[in-house]
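**Q** the following block contains a protein sequence and its predicted model.
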Amino acid sequence: MNPRTPGVSLVMMAADDPSRHPPSRGFWHTARALGRQWAPVVAEQAGIRKAEEPVAASGGIPERDAWESAAFGALWMGQATTLLRVGGQTVLTDPHFAEHAGVSIAGKPTGRRRSIALPGEVHDLPPVDVLVLTHAHMDHWHKPTLERLVSPATTVVVPHHTRRLLPQRGRGFGNVIELRWEEQEDLDGVGVTAWPCKHWGARYLIDRHRGYNAYIIEDDSRRLLFAGDTADTHHFDELQQIETAILGIGNSYAPWDRVHATPEQAAAMAERMGAARIMPIHHSTFHDAGEPVGEALDRVKKVWSPRNVICEDIGAAHLE
């Protein structure tokens, strides 16, 4: 079954779409776009504007027995945080369980606030066997959340030159594995391969030596791509037999479409890698005035069959 919306060639559309190769933008164009995005956030944190309360998630964490008996399970918890059941193990990606996307300064949270509430808390999770981190940006690598996840039963997979950013440099976890692109580890029957993507890994402005990865996560019967953050790229074109492509489709693709894919670009990447279905993430989570809640998902559904989209809402689970 072709997962695309009938009659639409995403590869051709992406090639013809100027947003796939956006023209160079001047300083003032970018500054105005950033102003539109961040002015409401600054006003909220200064007390000038009242912040809207997050709306409830559409579901929650499945019952443990149902989760652990599933051959495959997926749950989107917001932004790039997903809970996966693969090869009899529970995998958690890019965990962020705070109300704001930024750090806390003098006890006050900064950054965008959640538009949609978390569908559960850390203590509600089943035991996490494998923790996968793509890169050290604040909305993907949340140190207070990681501190709550420290367990000798958990293996952590991170990009190169990032281990020191873990709580106590990773001490307390069962194992910490740094992977460079195309390096692979077999974790008790679950294969994790670091794969190239188009983004960057610095947590701060000067630490650009840090790695950033997408990951292939697989067992004997299925193969997933968890892309984390990426712009449109041909790095995934050579992948085969991808059952589910977990791709970011939003959250600052304008004016940052050189490092974040648009919804149409994400669908085109999924098509080029031959993915059977998409699990869209990294949208509608943290308030962005330049990207209305739901816009990115609506755009994906115009070019990719909704029947082949799973976990489209925060809190939505898929079990097989």
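**A** Received, thanks.

**Q** CA atoms for contacts and neighbours, from now on please.
**A** Noted.

**Q** and the nearest residue to A316 once chain neighbours are set aside, how many neighbours?
**A** In this structure, A316 finds its nearest non-sequential neighbour in G59, 5.4 Å apart by CA to CA, 6 or more residues apart in numbering. If you count neighbours by other CA atoms under 10 Å, G59 ends up with 17.

**Q** my read is G59 is in a strand, agree?
**A** No - in this structure, G59 is coil, not part of a strand, as judged by DSSP: H, G, I helix; E, B strand; the rest coil.

**Q** does it really touch A117, like I thought?
**A** No - using CA atoms under 8 Å, G59 makes no contact with A117, being 10.5 Å away.

**Q** overlap of the contact sets of the two?
**A** Common neighbours of G59 and A117 are not found (criterion: CA atoms under 8 Å, 6 or more residues apart in numbering).

**Q** tell me the pLDDT of the nearest residue to L149 once chain neighbours are set aside.
**A** Spatially, and ignoring its direct neighbours in sequence, L149 is nearest to V122 (7.4 Å; CA to CA, 6+ apart). Reported pLDDT at V122 in the predicted model: 98.

**Q** what do you get for the one 4 residues further on?
**A** For P126, the pLDDT comes out at 98.

**Q** what about it, which SS state?
**A** Once three-state DSSP is applied, P126 turns out coil.

**Q** what number of residues lie near the residue lying closest to it once chain neighbours are set aside?
**A** Distance criterion CA to CA, 6+ apart; nearest residue to P126, sequence neighbours excluded, is R64 at 6.4 Å. By the criterion of other CA under 10 Å, R64 has 12 neighbours.

**Q** one more: P126?
**A** Around P126 there are 17 residues (other CA under 10 Å).

**Q** how about G290?
**A** 17.

**Q** how about the secondary structure of it?
**A** Under three-state DSSP, G290 falls in the coil class.

**Q** what about the residue most central in space within the chain, distance to I242?
**A** For the chain, the residue nearest the mean C-alpha position is A80 (2.5 Å; CA atoms, centre = their mean). For A80, the distance to I242 (CA to CA, to the nearest Å) stands at 19 Å.

**Q** got the contact list for stretch 116-125?
**A** Here stretch 116-125 has contacts from 54-61, 77-78, 97, 99, 145, 148-149, 284-286, 314-315, using CA under 8 Å, 6+ apart.

**Q** still on that earlier bit, distance of the residue nearest to L149 from I310?
**A** 23 Å.

**Q** of those two, which one has the most company?
**A** Neighbour count, other CA under 10 Å: between V122 and I310, I310 has more, with 19 against 14.

**Q** now that one: closest residue in space, sequence neighbours ignored.
**A** M279 is the one closest to I310 (CA to CA, 6+ apart), at 5.1 Å.

**Q** so that neighbour bridges to which residues?
**A** With DSSP bridges as the criterion, M279 is bridged to I246.

**Q** contacting residues for it?
**A** Per CA under 8 Å, 6+ apart, neighbours of M279: T244, A245, I246, L247, V309, I310, C311, E312.

**Q** ok, back up a step: quick one: buried ones out of the contacts of stretch 116-125?
**A** Among those, those classed as buried by 16 or more other CA atoms under 10 Å are 54, 57, 59-61, 77-78, 97, 99, 145, 149, 284-286, 314-315.

**Q** for N213, state which of these is nearest.
**A** Nearest to N213 out of these is G78 (CA to CA; 19.2 Å).

**Q** the closest one contacts A317, doesn't it?
**A** No - under the criterion of CA under 8 Å, G78 is not in contact with A317, lying 12.0 Å apart.

**Q** can you map out the helices along this structure?
**A** Using DSSP state H, the helices found in the chain span residues 10-16, 27-45, 64-69, 143-149, 263-272, 295-303.

**Q** comparing those helices by mean pLDDT, which bottoms out?
**A** Looking at these, the weakest mean confidence is helix 10-16, a mean of 37.
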